[in-house]
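Chemist: Build the 3D model from these lines:
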Amino acid sequence: TWGLQLRGKSRMNNSILLIGLITIALVGGLPYPTSVQHLIHAYTEVEVKQLARNFIAQQKHLFDIPAIMIRGNTSACIGKVIHMLNHFLSDSELGILLANTGKGINELGDYEACKKESAVSYFLAMGVVISGGSARLGVCMPKECSIEVMETTRPVIAKFLSELLHIPVLPSQVLLLDIKEENVKLNKVESGGVVFYSIAILLIAIVVVSSALDYWAYLSSKGKPEIWQRILGCFSLSRNIRGILNTENRIDPKLEILNGLRVLSISWVILGHSFVIVLMSPTYNLTEFFNEMLHRFSLAIIKAGTVSVDVFFFLGGFLGALGLYRTLKNPSNRSLKVILLTYFHRYVRLFPWLAFSIGLQIYVLPTLYDAPNNFFMGTMIKQCKDQWQYILLYINNYTTNFNELCLAWTWYLFIDMQIFIFLPWIVWLYCKNKTQGILCICGILAASMIIQISICSYYELNLSLMRNSTKNDPNTLYYDKPYCRLWTYFIGVLLFFVYEEGKDEANGTRALVRLKTFIYNTHIMRYVLYIVGFIITFIVMSSFYYLDHYLNDWSQAFGVFHAVTVRPLFVVGVSLVIYPVLIGRGKVFLALFGHPIFNPIGKLTYGIYMIHLPIFLLTVIFSLQGKYYTALDAYLSAIGVFFISLIASFIITLIYESPVAQLLKNFLEASPRKPTEEKTGKEAALLKQQTLHNPYSQLPSHL
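Modeler: Take a look at the predicted model:
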């Protein structure tokens, strides 16, 4: 207590304060002192020590507490701490504690130094305080103070963090960990880890052998290749590299704009996550950084990052409808077998990265480093071991709260798969009767809107970072559920129908053909679409700034309206911008976003999405000390993680994903039926190649 409220003289006294407060909590919860809060603005460190010694002498009765008042088995810990505090001028053990204990918010102390001292334990106290952000403090205590003893000090540590942060921290928000013990548990090799590493080594060996045999032409044959040649050929590096880097596989050159849109969206996702990771990291200026996010208009794009994933749902709807329509418009392909094969193909195509991510999270990341922040991994390992079966069934967003999800970023895959279940039947219905197909989509969208309005109104949900009800989690109730994303997905489906019907002048819907012709031939109309589209997207992004900057100036009704309309409006704005490009205009946009460089990167965006957050987590785990962060730091971190994720995605795709896709192509796909409109051999080959290397395209296997 004698170090309370020291201002700029000796930050060491924060350590004295913390250890003293912990002792007070252990000996029976004595009142938090207020009489010394005005203390010491102008004293030197020597004078502080003298005042502290005088204070101990005057208040010695505070430490003469009968053993009966001491909680549980804490007497050894209390005795040791009190002894050191009473002899702190001459006791070197107290110097070790003070030197290696954090002095302020998100200061981790010296974990390595504490770990080397046999008589010292290192504890990490963490309070979850703002939008996933956490305040941490590394504390060195005598070995006699076990984690069970330290657990009783949660209230006083919460008050200490509150003093430093100037915001309330509840005892229930404080987590205490014995880091040395936690890391010993994490570094144990499990049987599952042996299996995971064995499979990885086996796959690498097969890739190396296959690539060597292919290089020496052992996998080529003048006649029909043997089955072993076909299997090993699927693992050949040279073949898979050519498939990924090939920029000539264009079904329709105008659709190349979708690759640029995909790369832009994944970049936006990574940028948004870079700011979230700063809040999760040991950040000295945690509250200042968070307030900067809330109140700087230029950072509205970060808070609006929540709609960046909706672009993927939009693209999933467009490309899924594209592949299914080109198959199901042939009546001979409208069978249950084709639908089931489509489901199977999609599940198998997404499985490699999902299974790899689970293994990476459980068996690899926790063993890479022994550091204070490694505790993240312990929680995630337990979550993944409990939830892996639900992840592989794509239902984890219904069985687990959002904040407890293993691989929390995979919620996107769950929703996408759940919506995709309905897509083949809707496209089937549309191919049989266009009016009924459109009415079915309209019915789904109407039901989605009613559900969204009802849930947001009942639970008082909105998209503000600061104004949601503390009792209800908007992520679990709303954000990771398919009814929140149906509009963005089916706007993509509807855009494809408009695009497909408009270009089919012989059999297409007459009104859509006339609309396409009018836009194609009218220069002013195209510019109107561009301008309106950009205005809509700008308004959507700006609205997130308004929500938190003018927190009390809008009603809950507006919050509900904003929540249910902001995503559909955003993808409508995107649709208005890209539609002229899809019908053959917008050369500037096509040249920019349809550049060949985006083709191979677009094929890797699924892997980038899956691997970028584990890479971000490594930057947190490897942090031995806190840091002052600015927006520029977050931007630079996002750029670095993007390129590291791109390289990692390329390597893992070559070793793991592409071979599975090639095996699927060669052995599990159905024999193609003759389509209504014949395609040249070159077009069919390009279409199949596009399907193989584009995880988001959702094109059916039999194409």
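Chemist: show me what contacts residue 301?
Modeler: Contact partners of residue 301, counting by Cβ atoms under 8 Å, 6 or more residues apart in numbering, are 268, 271, 541. C-beta: built from backbone N, CA, C; applies to glycine.
Chemist: Helices - which of these land there?
Modeler: 268, 271, 541 (DSSP state H).
Chemist: which non-adjacent residue is nearest the last one?
Modeler: Spelled out, that is residue 541. Leaving aside its chain neighbours, residue 541 sits nearest to residue 304 (4.0 Å; criterion: Cβ to Cβ, 6 or more residues apart in numbering).
Chemist: Equivalent analysis for the first one, please.
Modeler: For residue 268, ignoring the flanking residues on the chain, the nearest one in space by Cβ to Cβ, 6+ apart is residue 308 at 3.9 Å.
Chemist: give the contact list for that neighbour.
Modeler: 265, 268, 269, 272.
Chemist: how much space between the residue nearest to residue 541 and residue 626?
Modeler: From residue 304 across to residue 626, the span is 28 Å (Cβ to Cβ, to the nearest Å).
Chemist: Can you classify the residue nearest the centre of the chain by secondary structure?
Modeler: In the chain, the residue lying closest to the centroid (Cα atoms, centre = their mean) is residue 409, at 3.9 Å. Following DSSP: H, G, I helix; E, B strand; the rest coil, we place residue 409 in the helix state.
Chemist: going forward can the numbers begin at 45, since that is how I track them
Modeler: Renumbered: residue one is now 45, and that last one reads residue 453.
Chemist: element containing the closest residue to it other than its chain neighbours?
Modeler: Closest residue to residue 453 apart from its sequence neighbours, by Cβ to Cβ, 6+ apart: residue 657 at 5.1 Å. Per DSSP states H and E: residue 657 is located in helix 649-665.
Chemist: buried set for that helix?
Modeler: Going by neighbour count (16 or more other Cβ atoms under 10 Å), the buried part of helix 649-665 is 649-661, 663-665.
Chemist: other SSEs contacting it?
Modeler: Counting contacts by 3 or more Cβ pairs under 8 Å, 6 or more residues apart in numbering; DSSP states H and E, helix 649-665 packs against helix 301-324, helix 380-403, helix 419-436, helix 675-696.
Chemist: ok now the shortest one, how far from the chain's centre?
Modeler: With Cα atoms, centre = their mean, to the nearest Å as the basis, helix 419-436 stands 15 Å off its chain's centre.
Chemist: what comes into contact with that helix?
Modeler: Residues contacting helix 419-436 (Cβ under 8 Å, 6+ apart): 168, 170, 221, 223, 226, 229-230, 324, 395, 398-399, 402, 405-406, 409-410, 440, 443-444, 448-451, 454, 661, 664-665.
Chemist: repeat for the last one
Modeler: Under the criterion Cβ under 8 Å, 6+ apart, residues 288, 310-311, 314-315, 317-319, 321-322, 336, 340, 343, 397, 400, 645, 648, 650-652, 654-656, 659-660, 663, 671 lie in contact with helix 675-696.
Chemist: Brilliant, that's me finished.
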